[in-house]
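>>> got a structure for you, letters missing:
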C-alpha cells in the first residue's frame, strides 16, 4: 500500500493554450527526524562565503523597474547525488543563479537522501556568512525543513518557508530554456578576469557583443559578423567576487538570446543564466546585501485559466524530472525573463 494519500485523481483537461495536466497534490510520509538530507564540514569557508553571497546578491538585485516595491524570495536548496544545490532568481526575474557544491568542497560529507527545501537567508544567517574566513572549519547541514550553518562560534538555523508557485513555474521555464544552448566560448581564469572586468558594473543595462579574439574573447559595444549578443551585460558583474577562484568560465547561448555563464571552481560550480534583456534599460549597481528582507507573497499570474480541481496544481509544458547538474547546460528559445514578476 502506498504511504501517499491523494485528495483526488490526477487528470488532463483542455485549457486555453492546449492540454493542461493537473497533478493531484499529496503529502509525503514524514521523514525520520534524525536523518537529514546532507551534513558536511569544509575548510573552504571563505569560498563558501563568496558563493553564497553571490547567490544572495542575485536574489536581491533588480535590473529593471526599480520603482517596484522589492519582493524578496528565498533560496531553494536541493540535495542530489554528490551535490548540494542552491538556486534563486533575481528580484526582477531576469537572472537565474545556481550554486552546486560538490563532494570535493567538503572534508567529510554525508548524503542522507534526495530532497528539496526552501529557506530564508535571514540577518543572523548573513551575519554568520559574512564572518567566514579562510581555514575556518565550517559545517553545513540541510534538513527536510531547515538549513544550518555552524562555525566555532556556534550555529545559526534557518527554517523552511513557503515556496511560491510562481517560482515553481520559473524553475520549469529555466529547465526548458537551458536545454539546447551551444557553447560559444571557454575562458581561462585570466581571460575571464579580463572580460568581466571590462564590463561596467553600473550604468545602462545594455547589450554588448562577445567577439572572438584568440584565447581571450572581448566584449564590444557594436556587433560584427562573428560576435554573439550578451543582453543586459552589466548583470555579469555578479561574477566579479569569484574571479580569483574561477578555473574556467564556459559561455553558452541559445537561439532566443539566453546566455549561460558556467563558472567552474575546484570544488563547486556556479551557473548564471541571463534573459536576453532585463526588459528595460535601468541603471543598476550590484552590491552584496547582508540585511534581512521580509519574505512576502508574490502576486498571482495574469491571464485566464481553466478552473483547477480542488487539491491539485497545474503545470503547462514538460520537464524531464531529472536532477541535472549545470554541466548539462543546454538552452532553447524562451521568454525574456523567468520567475516572480509579470
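Yep, it's here. Just so we're clear, the structure is a prediction, and the values are computed from it rather than from any experiment. Numbers count the residues shown, from 1 in each chain.

>>> I figured residue 170 was touching residue 93, is that so?
Yes. Counting by Cβ atoms under 8 Å, residue 93 is a contact partner of residue 170 at 7.0 Å. For glycine as for every other residue, the C-beta is placed from the backbone atoms N, C-alpha and C.

>>> more neighbours, those two?
Taking other Cβ atoms under 10 Å, residue 170 and residue 93 do not tie; residue 93 has more neighbours (27 against 21).

>>> Local confidence estimate at the more buried one?
If you check residue 93, the pLDDT there is 78.

>>> Look at it and give its secondary structure.
Under DSSP: H, G, I helix; E, B strand; the rest coil, the three-state class of residue 93 is coil.

>>> gap between it and residue 274?
11 Å (Cβ to Cβ, to the nearest Å).

>>> centre of the chain versus the longest helix along the chain, how much separation?
Secondary structure assigned by DSSP state H gives helix 45-60 as the longest helix of the chain. Computed by Cα atoms, centre = their mean, to the nearest Å, the separation of helix 45-60 from the middle of its chain amounts to 11 Å.

>>> can you check stretch 229-236 too?
Worked out by Cα atoms, centre = their mean, stretch 229-236 lies 17 Å from the chain centre.

>>> Neighbours of residue 197, how many?
By other Cβ under 10 Å, 11 other residues sit near residue 197.

>>> Need phi/psi at it.
Backbone torsions for residue 197, taken as degrees, to the nearest 10, come to phi -70, psi -20.

>>> on that earlier part again, show me what the longest helix of the chain is packed up against.
Judged by 3 or more Cβ pairs under 8 Å, 6 or more residues apart in numbering; DSSP states H and E, helix 45-60 is in contact with strand 83-89, strand 95-102, helix 123-130, strand 138-142, strand 268-274.

>>> will you turn the ones you listed into TSV that also has distance to residue 209 and mean neighbour count?
As requested, the helices and strands packed on helix 45-60 are exported to TSV (distance: least, Cβ to Cβ, whole Å; neighbours: other Cβ atoms under 10 Å):
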stretch	distance to residue 209	mean neighbour count
strand 83-89	26	23
strand 95-102	19	24
helix 123-130	36	17
strand 138-142	40	20
strand 268-274	14	24
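
>>> closest to residue 186 out of those?
Across the helices and strands packed on helix 45-60, residue 186 has its closest neighbour in strand 268-274 (13.8 Å, Cβ to Cβ).

>>> As a check, name the ranges of all helices in this structure.
Counting by DSSP H, the helices of the chain are 45-60, 123-130, 165-177, 189-197.

>>> Could you list every helix and strand that the shortest one packs against?
Applying 3+ Cβ pairs under 8 Å, 6+ apart, one finds that helix 123-130 makes contact with helix 45-60, strand 146-151, strand 154-159.

>>> The longest one: which residues count as buried?
Residues 45, 47-60 are the ones in helix 45-60 that count as buried (16 or more other Cβ atoms under 10 Å).

>>> correct me, but residue 100 touches residue 84?
Yes. At 7.4 Å, residue 100 counts as touching residue 84 under the criterion of Cβ under 8 Å.

>>> one step back: please convert the helices and strands packed on helix 45-60 to CSV, extending it with distance to residue 18.
CSV is the format used below for those (distance: least, Cβ to Cβ, whole Å):
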stretch, distance to residue 18
strand 83-89, 26
strand 95-102, 25
helix 123-130, 42
strand 138-142, 37
strand 268-274, 26
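
>>> For residue 156, find the nearest of these.
helix 123-130 (4.5 Å).

>>> same question for the closest one, mean pLDDT?
Here the average pLDDT along helix 123-130 is 92.

>>> So what's the gap between that helix and the chain middle?
20 Å.

>>> Kindly report the same for stretch 41-49.
Per Cα atoms, centre = their mean, the centroid offset for stretch 41-49 relative to its chain is 19 Å.

>>> got it, and stretch 214-229?
Distance, centroid of stretch 214-229 to centroid of chain: 27 Å (Cα atoms, centre = their mean).

>>> Equivalent analysis for stretch 102-114, please.
With Cα atoms, centre = their mean as the basis, stretch 102-114 stands 20 Å off its chain's centre.

>>> which other residues reach it?
Residues from elsewhere that reach stretch 102-114 (Cβ atoms under 8 Å, 6 or more residues apart in numbering): 31, 35-44, 47-48, 79-83, 140, 266-269, 323.

>>> List the buried residues for that stretch?
Neighbour-count burial for stretch 102-114 [16+ other Cβ under 10 Å]: 102, 105, 106, 109, 111, 112.

>>> quick one: average pLDDT of that stretch?
Mean pLDDT, stretch 102-114: 92.

>>> Isn't residue 248 up against residue 189?
Yes. Counting by Cβ under 8 Å, residue 248 does reach residue 189; the two are 7.2 Å apart.

>>> I'd like the helices of the chain as a markdown table, with distance to residue 212 appended.
Formatted as a markdown table, the helices of the chain follow (distance: least, Cβ to Cβ, whole Å):
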| stretch | distance to residue 212 |
| --- | --- |
| helix 45-60 | 27 |
| helix 123-130 | 38 |
| helix 165-177 | 24 |
| helix 189-197 | 12 |
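
>>> between the ones you listed, which one is nearest to residue 257?
helix 165-177 (10.4 Å).

>>> buried ones in the closest one?
166, 167, 169, 170, 171, 172, 173, 174, 175, 176, 177.
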